[in-house]
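Enquirer: Take a look and give me a structure for this.
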Amino acid sequence: MRDVELHMPATPKAVPELRHRLYGYDYDVRLCATELLTNVIEHVGDGTPVRVRLVAPDGPGRTRVEVTDPDPRRMPALLSAAETAECGRGLVLVAALAERWGVERGPGGKTVWCEVVRGRGAADFGEVVPRAHRHQDVEPDGEPGGLQRVEVDSVAE
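Expert: The predicted structure follows:
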């Protein structure tokens with residue numbers, strides 16, 4: 001597959017548009033990309049400018065999905081959603097579908113990424129351990145915490 005780089009505002013209308021523009025990629029890749037875009041809409045803000053990149057980092061069958069937004073303060077975290085909740089499972093889904101995922105902070109914001117391996121299939125959702133209950137904001141002094149990079153693998157209990 002070809003590498004892709006798209007710039008767009010993170011809006012509800014952009015989600016199906018992104019899915020359409022990534023036609024030809026595996027379903028899991030498209031789903032992870034749209035879930036990461038939806039997280040920006042929900043937790044950073046509707047209309048936030050984002051960059052979506054898909055690259056093949058280590059050869060065929062592997063795709064790295066990156067969504068970059070300008071807010072380095074709001075860090076994503078796996079949620080523990082109630083069974084009846086209609087939202088709150090985006091990163092749990094990404095963690096189940098991806099071999100690994102993480103966050104990198106940079107001077108222009110942060111990049112949330114995941115690596116999807118074709119044919120891997122989803123992990124058992126029960127094996128994906130929720131790590132927090134909401135996005136993490138900046139420290140009280142206004143500075144982001146010392147964390148510059150986070151990498152999360154699916155972890156069995």
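Enquirer: switch to C-alpha atoms for all contacts and neighbour counts from now on
Expert: OK.
Enquirer: Residue 16 versus residue 101, what's the distance?
Expert: For residue 101, the distance to residue 16 equals 22 Å [CA to CA, to the nearest Å].
Enquirer: Who has more neighbours out of the two?
Expert: Under the neighbour definition other CA atoms under 10 Å, residue 101 and residue 16 were set side by side, and residue 101 has more, 23 against 12.
Enquirer: pretty sure the more buried one is in a strand, no?
Expert: Yes. When DSSP: H, G, I helix; E, B strand; the rest coil is applied, residue 101 is found to be in a strand.
Enquirer: So it is in contact with residue 93, correct?
Expert: No. With contacts defined as CA atoms under 8 Å, residue 101 does not count as touching residue 93, sitting 11.2 Å away.
Enquirer: quick one: the helices in this structure?
Expert: Taking DSSP state H to define them, one finds helices in the chain at 14-21, 27-43, 90-97.
Enquirer: which outside residues touch stretch 109-123?
Expert: 26, 28-29, 32, 36, 61-72, 76, 94, 96-105, 154 (CA atoms under 8 Å, 6 or more residues apart in numbering).
Enquirer: Residue 4 is nearest to which of the helices of the chain?
Expert: When the helices of the chain are compared by CA to CA, helix 14-21 sits nearest residue 4, at 9.6 Å.
Enquirer: what helices or strands is the closest one leaning on?
Expert: Other elements packing on helix 14-21 under the criterion 3 or more CA pairs under 8 Å, 6 or more residues apart in numbering; DSSP states H and E are helix 27-43.
Enquirer: Only the buried residues of the helix it packs on, if you could.
Expert: 28-41 (16 or more other CA atoms under 10 Å).
Enquirer: cool, and stretch 60-76?
Expert: Those would be 62-76, for stretch 60-76 by 16+ other CA under 10 Å.
Enquirer: For it, give me every contacting residue.
Expert: Contacts for stretch 60-76 (CA under 8 Å, 6+ apart): 29, 32-33, 36-37, 40, 43-44, 48-57, 103, 105-106, 108-118, 134-138, 144.
Enquirer: could I get that stretch in PDB with only the CA atoms?
Expert: Extracted in PDB, the C-alpha atoms of stretch 60-76 (Å, rounded to 0.1, in the frame of the first residue of the first chain):
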ATOM      1  CA  PRO A  60       4.600  -5.500   4.000                       C
ATOM      2  CA  GLY A  61       1.700  -6.400   6.100                       C
ATOM      3  CA  ARG A  62       2.300  -3.700   8.700                       C
ATOM      4  CA  THR A  63       0.800  -0.300   8.700                       C
ATOM      5  CA  ARG A  64       1.500   2.600  11.200                       C
ATOM      6  CA  VAL A  65      -1.500   4.900  11.700                       C
ATOM      7  CA  GLU A  66      -0.700   8.400  13.100                       C
ATOM      8  CA  VAL A  67      -3.000  11.200  14.100                       C
ATOM      9  CA  THR A  68      -1.400  14.400  15.100                       C
ATOM     10  CA  ASP A  69      -3.100  17.300  16.800                       C
ATOM     11  CA  PRO A  70      -1.800  20.600  18.200                       C
ATOM     12  CA  ASP A  71      -2.700  20.000  21.900                       C
ATOM     13  CA  PRO A  72       0.200  18.400  23.800                       C
ATOM     14  CA  ARG A  73      -1.600  18.600  27.100                       C
ATOM     15  CA  ARG A  74      -4.500  16.200  26.700                       C
ATOM     16  CA  MET A  75      -3.100  12.700  26.700                       C
ATOM     17  CA  PRO A  76      -5.200   9.800  25.700                       C
END
